[in-house]
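1. Please find the sequence and the predicted model below.
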Amino acid sequence: MELERPSVRDRCGRVHAACRILAGLLLKPVWLPDGIYAALPWLYLGTGSAALLGGLYLPDTSWYLPYLALAGVALLRAATGIAAARRRRRQGPALSPDSPG
């Protein structure tokens with residue numbers, strides 16, 4: 001027995017208005033001031049470090065500590081990914097070993 005997947009389209013093939021509004025909000029580009037944009041990897045790094053250390057070293061044995069540690073790792077990964085992407089973009093395209101020049 002195969003289940004029918006829900007569709008965002010009605011019987012006439014039109015996309016529901018709520019889906020259009022949600023897609024417009026989620027896919028809208030966000031423009032940040034230069035200072036916040038430059039500090040973003042450092043904010044992720046600090047927040048991720050604090051969350052990871054809190055998840056590992058808080059004396060409480062509550063349910064949220066593993067999630068806190070997981071969020072810390074995710075934020076640290078995001079910080080290193082953003083910093084690496086910005087470094088690659090600043091350096092320009094790298095030459096491949098078999099390209100002339």
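-> That came in fine, so what should we check first?

2. Going by C-alpha atoms from here, please, whenever you check contacts or count neighbours.
-> OK.

3. Just the buried positions in stretch 36-45, please.
-> For stretch 36-45, a neighbour-count test (16 or more other C-alpha atoms under 10 Å) marks 40, 41, 42, 43, 44, 45 as buried.

4. In the chain, where's the longest helix?
-> If you go by DSSP state H, the chain has its longest helix at helix 65-91.

5. helices or strands up against that helix?
-> When contacts are defined as 3 or more C-alpha pairs under 8 Å, 6 or more residues apart in numbering; DSSP states H and E, helix 65-91 packs onto helix 34-57.

6. which residues are in contact with the helix it packs on?
-> With C-alpha atoms under 8 Å, 6 or more residues apart in numbering as the contact definition, helix 34-57 has outside contacts at 65-76, 78-80, 82-83.

7. Just the buried ones from those?
-> When neighbours are counted using 16+ other C-alpha under 10 Å, these contain these buried positions: 65, 68-73, 75-76, 78-79, 82-83.

8. Just the closest of the residues you listed to residue 29, please.
-> residue 82 (16.8 Å; C-alpha to C-alpha).

9. Look up how far residue 24 lies from the residue nearest the centre of the chain.
-> Closest residue to the average C-alpha location of the chain: residue 78 at 6.4 Å, with C-alpha atoms, centre = their mean. For residue 78, the distance to residue 24 equals 24 Å [C-alpha to C-alpha, to the nearest Å].

10. that older thread, Throw the buried ones among the contacts of helix 34-57 into TSV and include distance to residue 59 and pLDDT, thanks.
-> TSV is the format used below for those (distance: C-alpha to C-alpha, whole Å; pLDDT from 0 to 100):
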residue	distance to residue 59	pLDDT
65	10	88
68	13	90
69	14	91
70	17	94
71	18	94
72	17	94
73	19	94
75	22	94
76	22	94
78	27	93
79	27	94
82	32	91
83	33	90
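
11. Report the secondary structure state of residue 60.
-> Local secondary structure at residue 60 is given as coil here, using DSSP: H, G, I helix; E, B strand; the rest coil.

12. Any stretches of this protein with poor pLDDT?
-> Low-confidence segments of the chain (pLDDT under 70): 1-15, 94-101.

13. Neighbours of residue 27, how many?
-> Other residues within reach of residue 27 by the criterion other C-alpha atoms under 10 Å amount to 8.

14. Nothing else from me, thank you.
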